[in-house]
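Visitor: Coordinates for the following, if possible.
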Amino acid sequence: MSVLSRFFGKKNPLDIPLPKLRESQIKLEYQIEKVEKEIASIDQEIARLFEKAKKARTKSEELTIATKIKTLNQRKKNLQKTHMALNKQLMLISNLVIIKENESILRGTPTWDLLKRMSPEELESHLTEMQLDAQNFNENLNRMLGMTDQTIGTGVEFEEDEELAEIMRTIHAVKEGELEPDAAAEKVTGEERTKRKEDWLEEL
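Guide: Presented below is the predicted three-dimensional model:
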């Protein structure tokens, strides 16, 4: 089932009323914000567990903490995938909102005819690939309709490097003063790698 049919049934996407689209847009933005807050909360809890691991006296205590960290980190990965899927849906709805806002301009044009001829599945695919902006709508819609080779990922591929052994080594590094809890949390959750990549891209 397509995203639009889940939201609006079997209606042609171009026939969906603008108020309903805006309502769905607001709901998606709220869901995304909620997921982001939960991810931030998990990061804080992982850092707290690393702080707690400093006082662990036995390997059994360390293993218990490491298991909790692994479970939280897996939860974070699942939330990140959900976050990507929600953002994809939001882009789809946001692009449709922009098109509906410009419907009076588009009606009777070849572009509108092309959009109307598309099946709901084809239209959804195009709207997901586009990155429309209300300011440059008239200039780039036709060009974007031809950019069918561009895709937006539906999820995130994650490295499976969060085994207990790695977490245990990180715990030991915290206990020995080699890492601060916050840095350990970043290391385990992959945030450190993400930041390095962003910094590298900014330098280009």
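
Visitor: contacts, neighbours, all on C-alpha from now
Guide: Noted.

Visitor: give me phi/psi at Lys20?
Guide: Main-chain torsions, Lys20, degrees, to the nearest 10: phi -70, psi -40.

Visitor: so how far is Leu96 from it?
Guide: When distance is defined by CA to CA, to the nearest Å, Lys20 is 11 Å away from Leu96.

Visitor: element containing the residue nearest the centre of the chain?
Guide: The centroid of the chain falls nearest to Met84 when counting by CA atoms, centre = their mean (2.3 Å). According to DSSP states H and E, Met84 maps onto helix 59-101.

Visitor: next one: Leu115
Guide: Leu115 belongs to helix 110-117 when assigned by DSSP H and E.

Visitor: Please apply the same query to Val174.
Guide: With DSSP H and E as the criterion, Val174 is inside helix 164-175.

Visitor: Please apply the same query to Glu36.
Guide: helix 18-53.

Visitor: For that helix, what is the distance to the chain centroid?
Guide: How far helix 18-53 lies from its chain's middle: 10 Å, per CA atoms, centre = their mean, to the nearest Å.

Visitor: which secondary structure elements does that helix contact?
Guide: With contacts defined as 3 or more CA pairs under 8 Å, 6 or more residues apart in numbering; DSSP states H and E, the secondary structure elements packing on helix 18-53 are helix 59-101, helix 164-175, helix 181-189.

Visitor: now, of those helices, which is deepest in the fold?
Guide: Mean neighbour count (mean count of other CA atoms under 10 Å) peaks for helix 181-189 among those, with a mean of 21.

Visitor: just checking, what packs against that helix?
Guide: If you count contacts as 3+ CA pairs under 8 Å, 6+ apart, helix 181-189 packs onto helix 18-53, helix 164-175.

Visitor: can you give me the mean pLDDT across that helix?
Guide: The average pLDDT for helix 181-189 rounds to 82.

Visitor: Grab the CA positions of that helix and hand them over as PDB.
Guide: Provided in PDB are the C-alpha atoms of helix 181-189 (Å, rounded to 0.1, in the frame of the first residue of the first chain):
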ATOM      1  CA  PRO A 181      31.100   8.900  29.300                       C
ATOM      2  CA  ASP A 182      29.700  11.400  26.800                       C
ATOM      3  CA  ALA A 183      32.500  10.500  24.300                       C
ATOM      4  CA  ALA A 184      31.900   6.800  25.000                       C
ATOM      5  CA  ALA A 185      28.200   7.200  24.200                       C
ATOM      6  CA  GLU A 186      29.100   9.000  20.900                       C
ATOM      7  CA  LYS A 187      31.500   6.200  20.000                       C
ATOM      8  CA  VAL A 188      29.100   3.400  20.600                       C
ATOM      9  CA  THR A 189      26.100   5.100  19.000                       C
END
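
Visitor: ok and that helix relative to helix 59-101, angle-wise?
Guide: Put simply, helix 181-189 runs at 70 degrees to helix 59-101, going by axes from the mean of the first three to the mean of the last three CA atoms, to 10 degrees.
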